[in-house]
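Q: coords please:
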Amino acid sequence: MGLKIAIVGCGKIADAHVEEIGKIPSVQLCAVCDLEPIMAEQLAVRYGVPSWYSDVAKMLDVERPDVLHITTPAQSHLSLTKQAVAAGCHVFLEKPVALRHCDAEAIIDSVAAAG
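A: All right, here's what the predicted structure looks like:
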(Lines give C-alpha, C1' and ligand atoms only; values in the text may rest on other atoms or scores of the structure.)
Protein backbone atom coordinates (compact mmCIF):
# COMPACT_ATOMS: atom_id res chain seq x y z
CA MET A 1 0.00 0.00 0.00
CA GLY A 2 1.13 3.56 -0.68
CA LEU A 3 0.64 6.70 1.37
CA LYS A 4 -2.22 6.96 3.84
CA ILE A 5 -3.84 10.39 3.78
CA ALA A 6 -6.36 11.91 6.16
CA ILE A 7 -8.23 15.20 6.01
CA VAL A 8 -9.22 17.46 8.89
CA GLY A 9 -11.88 20.03 8.02
CA CYS A 10 -14.81 18.72 5.98
CA GLY A 11 -16.15 21.96 4.52
CA LYS A 12 -16.64 22.65 0.83
CA ILE A 13 -12.92 22.72 -0.09
CA ALA A 14 -12.44 19.23 1.35
CA ASP A 15 -14.40 17.79 -1.59
CA ALA A 16 -11.79 19.15 -4.00
CA HIS A 17 -9.02 17.61 -1.91
CA VAL A 18 -10.78 14.22 -1.89
CA GLU A 19 -11.22 14.34 -5.65
CA GLU A 20 -7.55 15.21 -6.26
CA ILE A 21 -6.33 12.58 -3.79
CA GLY A 22 -8.44 10.04 -5.70
CA LYS A 23 -6.42 10.74 -8.86
CA ILE A 24 -3.14 9.63 -7.27
CA PRO A 25 -2.28 5.96 -7.71
CA SER A 26 -1.18 4.02 -4.61
CA VAL A 27 -2.69 6.57 -2.20
CA GLN A 28 -5.43 5.74 0.28
CA LEU A 29 -7.70 8.34 1.86
CA CYS A 30 -8.08 6.54 5.18
CA ALA A 31 -10.15 9.02 7.21
CA VAL A 32 -11.75 12.43 7.48
CA CYS A 33 -12.34 14.56 10.58
CA ASP A 34 -14.38 17.60 11.53
CA LEU A 35 -15.41 19.11 14.87
CA GLU A 36 -18.95 18.83 13.55
CA PRO A 37 -19.51 15.04 13.33
CA ILE A 38 -22.24 15.28 10.69
CA MET A 39 -19.83 17.08 8.33
CA ALA A 40 -17.24 14.32 8.68
CA GLU A 41 -19.82 11.58 8.29
CA GLN A 42 -21.38 13.18 5.21
CA LEU A 43 -18.00 13.60 3.47
CA ALA A 44 -17.05 10.01 4.30
CA VAL A 45 -20.34 8.66 2.95
CA ARG A 46 -20.22 10.85 -0.17
CA TYR A 47 -16.79 9.55 -1.18
CA GLY A 48 -16.66 6.11 0.41
CA VAL A 49 -13.98 7.05 2.94
CA PRO A 50 -13.68 4.14 5.40
CA SER A 51 -13.47 6.15 8.66
CA TRP A 52 -14.62 9.48 10.03
CA TYR A 53 -13.90 11.29 13.30
CA SER A 54 -14.75 14.42 15.25
CA ASP A 55 -11.50 14.29 17.27
CA VAL A 56 -8.29 14.85 15.31
CA ALA A 57 -6.04 13.45 18.05
CA LYS A 58 -8.00 10.20 18.05
CA MET A 59 -7.91 10.03 14.25
CA LEU A 60 -4.14 10.53 14.19
CA ASP A 61 -3.66 7.90 16.88
CA VAL A 62 -5.94 5.27 15.34
CA GLU A 63 -5.32 5.80 11.62
CA ARG A 64 -1.62 6.78 11.65
CA PRO A 65 -1.76 8.67 8.34
CA ASP A 66 1.43 9.60 6.49
CA VAL A 67 -0.07 12.93 5.37
CA LEU A 68 -2.70 15.19 6.90
CA HIS A 69 -4.53 17.65 4.67
CA ILE A 70 -5.58 20.57 6.86
CA THR A 71 -8.57 22.27 5.27
CA THR A 72 -9.84 24.11 8.34
CA PRO A 73 -10.00 27.88 8.90
CA ALA A 74 -6.53 29.43 9.08
CA GLN A 75 -6.68 30.25 12.79
CA SER A 76 -6.50 26.50 13.57
CA HIS A 77 -3.60 25.70 11.24
CA LEU A 78 -0.82 26.17 13.79
CA SER A 79 -2.27 23.88 16.45
CA LEU A 80 -3.28 21.24 13.91
CA THR A 81 0.13 21.32 12.25
CA LYS A 82 1.80 20.82 15.62
CA GLN A 83 -0.45 17.84 16.33
CA ALA A 84 0.20 16.36 12.91
CA VAL A 85 3.98 16.63 13.01
CA ALA A 86 4.02 15.28 16.57
CA ALA A 87 2.16 12.25 15.18
CA GLY A 88 4.76 11.85 12.41
CA CYS A 89 2.63 13.25 9.58
CA HIS A 90 3.55 15.42 6.69
CA VAL A 91 1.10 18.30 6.30
CA PHE A 92 -0.68 19.87 3.36
CA LEU A 93 -2.17 23.21 4.38
CA GLU A 94 -5.03 24.92 2.63
CA LYS A 95 -4.45 28.64 2.06
CA PRO A 96 -3.95 30.96 3.71
CA VAL A 97 -1.32 29.19 5.76
CA ALA A 98 -1.90 31.58 8.67
CA LEU A 99 -3.53 34.90 9.48
CA ARG A 100 -0.48 36.32 11.24
CA HIS A 101 3.15 36.32 10.18
CA CYS A 102 4.27 34.94 13.56
CA ASP A 103 1.89 31.98 13.19
CA ALA A 104 3.22 31.25 9.70
CA GLU A 105 6.77 31.28 11.09
CA ALA A 106 5.71 28.99 13.95
CA ILE A 107 4.17 26.55 11.45
CA ILE A 108 7.39 26.48 9.44
CA ASP A 109 9.48 26.11 12.59
CA SER A 110 7.38 23.22 13.90
CA VAL A 111 7.61 21.34 10.62
CA ALA A 112 11.36 21.98 10.32
CA ALA A 113 11.95 20.85 13.92
CA ALA A 114 10.09 17.59 13.19
CA GLY A 115 12.38 16.91 10.26
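Q: Could you point out the helix or strand that follows the helix or strand hosting residue 81?
A: Using DSSP states H and E, residue 81 maps to helix 77-86. Downstream of helix 77-86, the first helix or strand assigned by DSSP H and E is strand 90-93.
Q: any residues touching whatever helix or strand comes next after that following strand, and which ones?
A: Next helix or strand after strand 90-93 toward the C-terminus (DSSP H and E): helix 101-114. Applying Cβ atoms under 8 Å, 6 or more residues apart in numbering, the external contacts of helix 101-114 come out as 77-78, 81-82, 85-86, 88, 91, 93, 97-98. (C-beta placed from N, C-alpha, C; glycine too.)
Q: which ones are touching residue 9?
A: 33-34, 69-73, 76, 94.
Q: Then residue 67?
A: Shown in contact with residue 67 (Cβ under 8 Å, 6+ apart): 3-6, 89-92.
Q: before we move on, the earlier item: between which two of the contacts of helix 101-114 is the distance greatest?
A: 88 and 98 (22.1 Å; Cβ to Cβ).
Q: Same drill for those two, tell me which one is more crowded.
A: Using other Cβ atoms under 10 Å as the criterion, residue 88 and residue 98 rank with residue 98 on top: 19 against 12.
Q: these two touch, right, that one and residue 80?
A: No. Look at residue 98 against residue 80 with Cβ atoms under 8 Å: they stay out of range, at 11.4 Å.
Q: Flag every buried residue along stretch 26-33.
A: Neighbour counts using 16 or more other Cβ atoms under 10 Å place 27-33 of stretch 26-33 among the buried residues.
Q: Kindly reformat the residues you listed as CSV and extend each row with distance to residue 59, secondary structure and pLDDT.
A: Conversion of these to CSV gives the following (distance: Cβ to Cβ, whole Å; DSSP: H, G, I helix; E, B strand; the rest coil; pLDDT from 0 to 100):
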residue, distance to residue 59, secondary structure, pLDDT
27, 17, strand, 96
28, 14, strand, 96
29, 12, strand, 98
30, 9, strand, 98
31, 5, strand, 98
32, 8, strand, 98
33, 5, strand, 98
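Q: Tell me the one of the residues you listed nearest residue 47?
A: If you rank the buried residues of stretch 26-33 by distance to residue 47 using Cβ to Cβ, residue 29 comes first, at 7.3 Å.
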